[in-house]
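1. sequence first, then the predicted structure:
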2 protein chains.
Amino acid sequence: MFGARCARLVLRRCSSSVPSAKSIVAPRLLPIREALEVQDPTGHDVKIQGWVRSVRSQKGVLFLHVSDGSSLEYLQVVGDPRLESRTLTFGSSVEVRGKLVKSPHKGQEVELAAEDIRVVGPCDVLAFPLKYKVHHSLDYLRELPHVRCRSNVLGALLRVRSEATAAIHSYFKENGYTHIHTPIITANDCEGAGEVFKLKPANEEQTPGEENHFFNIPAFLTVSGQLHLEVMSGAFTKVFTFGPTFRADNSRTRRHLAEFYMVEAELFFVDTLQDIMQVIEDIFKTVTDRVVSNCPQDAALFHKRIAPGHEAKLEKMLKNPFITMSYTEAIEILERSRQEFTYKPAWGQDLQSEHEKYLVRHCGDIPVFVYDYPYDLKPFYMRDNEDGPRRTVAAVDLLVPEVGELFGGSLREDRVDFLQSRLRRLMLEDTYQWYVELRQFGSTPHGGFGMGFERYLQCILGVQNIKDVIPFPRFPHSCVL
Amino acid sequence: MFGARCARLVLRRCSSSVPSAKSIVAPRLLPIREALEVQDPTGHDVKIQGWVRSVRSQKGVLFLHVSDGSSLEYLQVVGDPRLESRTLTFGSSVEVRGKLVKSPHKGQEVELAAEDIRVVGPCDVLAFPLKYKVHHSLDYLRELPHVRCRSNVLGALLRVRSEATAAIHSYFKENGYTHIHTPIITANDCEGAGEVFKLKPANEEQTPGEENHFFNIPAFLTVSGQLHLEVMSGAFTKVFTFGPTFRADNSRTRRHLAEFYMVEAELFFVDTLQDIMQVIEDIFKTVTDRVVSNCPQDAALFHKRIAPGHEAKLEKMLKNPFITMSYTEAIEILERSRQEFTYKPAWGQDLQSEHEKYLVRHCGDIPVFVYDYPYDLKPFYMRDNEDGPRRTVAAVDLLVPEVGELFGGSLREDRVDFLQSRLRRLMLEDTYQWYVELRQFGSTPHGGFGMGFERYLQCILGVQNIKDVIPFPRFPHSCVL
């Protein structure tokens, strides 16, 4: 079948061992991050591409700062003022050819001695909402979802977010977890909170009173991949997922989004909450170490400009062993405190954000695990501790400075009879028949946890508003772009 | 703040440098994948955890095969028949302690000489839908979404899927791309196909005639992250996303799902489709090489049992430079062919699945890029080639054996006037004002592409039905679990 005609169609070869004419003459395209890392610039011809951050002429020399998004730092370009042109302005995109040389100027090791500067795309400076040398506020930038990624602060944020995403995937891979894409569309409502989004095809005509679902049954956007992950941990021992989850929650706070990302993991052959806590602490510290050492300038921008003093706070979180206390102890501490709470702390009541923050401050701003929560507060799948009148389940939350709850986890109820009787009382026995069955075919004690990824970014960078740590925030009354 | 009380609460330390009493006496827990890789078993005490694949006694020796999901291969356990118990059956979960020794038996290098076998969770063998030594068909397994991951074939599939996910993230990171989470909920419908899911809070009462949206405007599930990625490529030069996308498409084929995963990338400073094709070919080959070398046994299971002969096909795809032909050439080939097509090929018509498959066969089962598609067939954002009466856009699809279209990409229309006049004709000027603006603030020629992740898995493994390559498939009339 593969005849002469097809051979003729092979217009292009991918082999990199045969250099094309182009690759011999063309200067090497260098990302700016790499250009800045060159230790001993040899004056070789290079080409850079990026956006102009500043243009100025001084003493017969043209100075240009160019960034391409690969790092917070720009590359300084120097050249003959005759290389300047009317369209070479702040915001324009350029391609610069020249030689990378040791910089005689202050503030950088290398600079690019330009031989040619080509404006690829001009920038309408008057209309461009970002202005030269202005530190725009996060509030202002939030109004510009299609442009704000070009500001220093959102650029830094998104590089950190990308690095953290990679670090999380690496952490789990290196520790033997299998990655699972848990479903986004689901017939289950794991948390039982009811604040879910329902979906149907846009072109489906809904006749009142008649249920005519695309999937035959009502379908929702997932609030957690946990139950589906449990299916998988019963086959792979250790599994994780990292994907979007949704809440149709009408509260407009700086801590909530309608669409946010969760990192969730499940582990089979786990008997104690201690095992879960150990994994949580290890992930937090390992991933954060990696992010901060791979993006030092981006992290520093936040720790200096956005949240002064946060670097020391983060160091404290990383250096100290996390603290653990039972829910009962936590309530005692809150009851003894002299702080006026909006919600009076009492055993059997949920911890409110104000309580969580108090507890973390009480522990000297070191992250604190609170474990063994009241049975009646928690969902059906958490393991009953069978501990008397003040009955608890083996659940744990990790509270961190400012953000409050960052991780939530539990041992899962692995005993068929306990699970069945709880489901029976909730009238959910039929719905979760499959979930009960998982316990009948070689189950083991197991547990898992979830971490809100945006809250994690808030925690390590010190960002107050959750809308500033996600590329395109979705919340009540807002779904821009 | 960090007083004596808190110090008392430090119940647990994470420091691994101070071995606990437990870690001194307890045998080391070894994943089975690692146990099988031990070159020179020294008879050290180890512990394994997993599920029993077979139990038999022979000549006074108990033989057990145990797997834990870390690899397709099981570990052979040998022991005294007195270690056997009533609950030690196929499917039960066990913890085995013993010594790892060189195996005197055929078929494995190492085996575990058991000192203790503990059944952690028994298996109700009669009720368990998977049976000992039975190769269940994919059709049968598809009916068991909560159990099928425990079969060899789905276990292998999900390990390959996990490995491919990691390889894709690594590829982009190593090549300087920034990862972006593009939104799942969006007000835009990138493809303009109309087959989208619309969403609303489950507890929102919809008064007929009254629009009372959670987001103030109608909101949909994304069909592509492309437009949002374009925003980001204008700040980071090279960006990618890897997430779920949705189609409310009622067609029930072996190639379509309502929820599937896409890998999408956008590149700024790109002038030609060749650049896009080069990246696509490089990704396909690099990622596949990595997956096949990291999961050789899992891939081999598919290439032997599910799709005999597929290994040679895949090798051909990896060894040969991909072929390129224009859409016009492709139509000529189809018109000249003697095959009876259901849809008659004609310039200006979309390529159907039957046409795509013919073209790949025609090219000797080597993947083929088809580029420059009719202007009127393609969405508004593709770059006009301005090439006369048979007007085309700079679009490219990669067709692969059996699957057909695997990648789709294009140069994006970067010229403001071209874009505006096309949007005006489509009455979309207001909706995409922000998209036009991107071209006014230092834009450059740019392009990108998307790959269907499930089709990719079908392509490298030879799996016929797309429902078998995703953990929890969603399609018309089905949303199980």
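-> Ah, there it is.

2. make it CA atoms for all contacts and neighbour counts henceforth
-> OK.

3. per-residue confidence at the nearest residue to residue A:473 once chain neighbours are set aside?
-> Leaving out its chain neighbours, the residue that sits closest to residue A:473 by Cα to Cα, 6 or more residues apart in numbering or on different chains is residue A:467, at 5.5 Å. Here the pLDDT value assigned to residue A:467 is 97.

4. ok, now residue A:164?
-> According to the model's per-residue confidence, residue A:164 sits at a pLDDT of 98.

5. surely it and residue A:292 touch.
-> No. In this structure residue A:164 lies outside contact range of residue A:292 using Cα atoms under 8 Å: 9.2 Å.

6. who has more neighbours out of these two?
-> The neighbour count for residue A:164 versus residue A:292, taken as other Cα atoms under 10 Å in any protein chain shown, is higher for residue A:164 (23 against 18).

7. the more buried one: what's it in contact with?
-> With contact taken as Cα atoms under 8 Å, 6 or more residues apart in numbering or on different chains, residue A:164 is in contact with A:287, A:288, A:291.

8. can you get me a residue count around residue A:135?
-> Burial measure for residue A:135: 12 neighbouring residues, criterion other Cα under 10 Å.

9. and it, what element?
-> With elements taken from DSSP states H and E, nothing contains residue A:135; it lies in neither a helix nor a strand.

10. residue A:34 now?
-> With secondary structure defined by DSSP H and E, residue A:34 is part of helix A:32-37.

11. what of residue A:371?
-> Assigned by DSSP H and E, residue A:371 belongs to strand A:368-374.

12. and residue A:289, by the same measure?
-> Per DSSP H and E, residue A:289 falls inside helix A:273-294.

13. quick check: residue A:410 touching residue A:395?
-> Yes. Judged on Cα under 8 Å, residue A:410 makes contact with residue A:395 at a distance of 4.0 Å.

14. between the two, which contacts overlap?
-> The overlap between the contact sets of residue A:410 and residue A:395 (Cα under 8 Å, 6+ apart) consists of A:273, A:382, A:383.

15. out of the residues you listed, which comes closest to chain B?
-> Distance from chain B was checked for each of the shared contacts of residue A:410 and residue A:395 by Cα to the nearest Cα. The minimum falls on residue A:273, at 11.7 Å.

16. and the closest one, what is it in contact with?
-> Neighbouring residues of residue A:273 by Cα under 8 Å, 6+ apart: A:394, A:395, A:396, A:410, A:411, A:447.

17. repeat that for residue A:179.
-> Applying Cα under 8 Å, 6+ apart, we find residue A:179 in contact with A:173, A:239, A:240, A:241, B:159, B:161, B:162, B:163, B:165.

18. out of the residues you listed, which comes closest to residue B:98?
-> Distance to residue B:98, by Cα to Cα, is smallest for residue A:239 among the contacts of residue A:179, at 26.1 Å.

19. and the host helix or strand of that closest one, how far out from the chain's middle?
-> For residue A:239, the enclosing helix or strand under DSSP H and E is strand A:238-246. Centre-to-centre, strand A:238-246 and its host chain are 12 Å apart (Cα atoms, centre = their mean, to the nearest Å).

20. same check on stretch A:273-289?
-> Going by Cα atoms, centre = their mean, the spacing between the C-alpha centre of stretch A:273-289 and its chain's C-alpha centre is 17 Å.

21. now do that stretch, average pLDDT.
-> If you average the pLDDT values across stretch A:273-289, you get 98.

22. buried residues in that stretch?
-> Of the residues in stretch A:273-289, those with enough neighbours to count as buried (16 or more other Cα atoms under 10 Å in any protein chain shown) are A:273, A:276, A:277, A:279, A:280, A:281, A:282, A:283, A:284, A:287, A:288.

23. show me what contacts the last one?
-> The one in question is residue A:288. Under the contact definition (Cα under 8 Å, 6+ apart), the residues listed for residue A:288 are A:164, A:460.

24. from chain B, how far out is it?
-> Distance of residue A:288 to chain B, given as Cα to the nearest Cα, to the nearest Å: 16 Å.

25. ok, how many other residues are close to residue A:82?
-> Around residue A:82 there are 9 other residues, counting by other Cα under 10 Å.

26. just name the closest of the shared contacts of residue A:410 and residue A:395 to residue B:463, please.
-> The closest of these, once distances to residue B:463 are taken by Cα to Cα, is residue A:382, at 37.7 Å.

27. quick one, phi/psi of the residue lying closest to that closest one once chain neighbours are set aside?
-> For residue A:382, ignoring the flanking residues on the chain, the nearest one in space by Cα to Cα, 6+ apart is residue A:412 at 4.6 Å. The phi and psi values for residue A:412, taken as degrees, to the nearest 10, are phi -90, psi 150.

28. gap between residue A:412 and residue B:85?
-> Distance of residue A:412 to residue B:85, computed by Cα to Cα, to the nearest Å: 27 Å.

29. how about residue A:299?
-> From residue A:299 across to residue B:85, the span is 57 Å (Cα to Cα).

30. same deal with residue A:300?
-> Per Cα to Cα, residue A:300 is found 60 Å from residue B:85.

31. same question for residue A:295.
-> Distance of residue A:295 to residue B:85, computed by Cα to Cα: 55 Å.

32. for the closest residue in space to residue A:271 that isn't next to it in sequence, give me its contacts.
-> Distances taken as Cα to Cα, 6+ apart put residue A:445 closest to residue A:271, at 5.6 Å, once the chain neighbours are dropped. Each residue near residue A:445 by Cα under 8 Å, 6+ apart is listed here: A:268, A:269, A:270, A:271, A:411, A:412, A:413, A:414.

33. quick one, what contacts the residue nearest to residue A:382?
-> Neighbouring residues of residue A:412 by Cα under 8 Å, 6+ apart: A:381, A:382, A:383, A:445, A:446, A:447, A:448.

34. try 7 Å this time
-> Taking Cα atoms under 7 Å, 6 or more residues apart in numbering or on different chains, we find residue A:412 in contact with A:381, A:382, A:383, A:446, A:447.

35. unless I'm mixing things up, the first one is touching residue A:411, no?
-> Right, the one you point to is residue A:381. No. With contact taken as Cα atoms under 7 Å, residue A:381 and residue A:411 are classed as non-touching, separated by 8.5 Å.

36. more neighbours, these two?
-> Each of residue A:381 and residue A:411 has its neighbours counted (other Cα under 10 Å); residue A:411 has more, 28 against 20.

37. okay, and the beta partners of the nearest residue to residue A:367 once chain neighbours are set aside?
-> Distance criterion Cα to Cα, 6+ apart; nearest residue to residue A:367, sequence neighbours excluded, is residue A:400 at 4.6 Å. Going by DSSP bridges, residue A:400 is paired in beta bridges with residue A:404.

38. check which helix or strand residue A:76 maps to.
-> Residue A:76 is part of strand A:75-79 when elements are defined by DSSP H and E.

39. pairing partners for that strand, with directions?
-> strand A:61-67 (antiparallel), strand A:110-121 (parallel).

40. buried stuff in the helix or strand just after the longest one?
-> Just to be clear, that refers to strand A:110-121. Secondary structure here is assigned by DSSP H and E; on that basis, the next helix or strand after strand A:110-121 toward the C-terminus is helix A:138-142. With burial defined by 16+ other Cα under 10 Å, the residues of helix A:138-142 counted as buried are A:138, A:141, A:142.

41. you'd agree the second one is up against residue A:148?
-> Yep, that's residue A:141 we're talking about. Yes. With contact defined as Cα under 7 Å, residue A:141 and residue A:148 form a contacting pair (5.4 Å).

42. now do the lengthiest strand in chain A against strand A:61-67, angle only.
-> When chain A is parsed with DSSP state E, its longest strand is strand A:45-58. Relative orientation of strand A:45-58 and strand A:61-67, computed by axes from the mean of the first three to the mean of the last three Cα atoms, to 10 degrees: 120 degrees.

43. against residue B:478, how distant is the residue nearest to residue A:382?
-> Taken as Cα to Cα, the spacing of residue A:412 relative to residue B:478 amounts to 27 Å.
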